[in-house]
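S.K.: Here is my input; please provide its structure:
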Amino acid sequence: MNKELRLKIIQVCESKIDNKGENVGLSFYAFFKNKNDNPELLMEVAKWWILDNKLDHFEKALKIKEMVKFK
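M.R.: Down below sits the predicted model:
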């Protein structure tokens, strides 16, 4: 996962946490627009989420932020 994508994921997680609190959950779709304009990147994140880390559909934003931050 490239640095730009990591920063975007961290920003989205921080925004969700700020708006809804530390227990807010999200899916990997939260990092993309409703229009699928970059399917390769979507698949990269889906692979990281589902295959590499065996995460559930919804996970705590705080957990995802910490996972991405230290890789």
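
S.K.: Mind picking out the helix or strand in the protein with the poorest mean pLDDT?
M.R.: helix 39-46 (a mean of 93; mean pLDDT, DSSP states H and E).

S.K.: Quick check on K33: phi, psi?
M.R.: Dihedral angles of K33 (phi, psi; degrees, to the nearest 10) stand at phi -70, psi 160.

S.K.: so who does it touch?
M.R.: For K33, no contacting residues are found, by C-beta atoms under 8 Å, 6 or more residues apart in numbering. Heads up, the C-betas are built off the backbone N, CA and C, glycines and all.

S.K.: any idea how far it lies from E66?
M.R.: Applying C-beta to C-beta, to the nearest Å, one obtains 25 Å for the distance of K33 from E66.

S.K.: one step back: in the least confident helix or strand of the chain, what's buried?
M.R.: Residues of helix 39-46 classed as buried: L41, V45 (neighbour count, 16 or more other C-beta atoms under 10 Å).

S.K.: Not counting its own residues, what contacts that helix?
M.R.: Helix 39-46 is contacted by residues M1, L5, I9, F28, F31, F32, N36 when judged by C-beta under 8 Å, 6+ apart.
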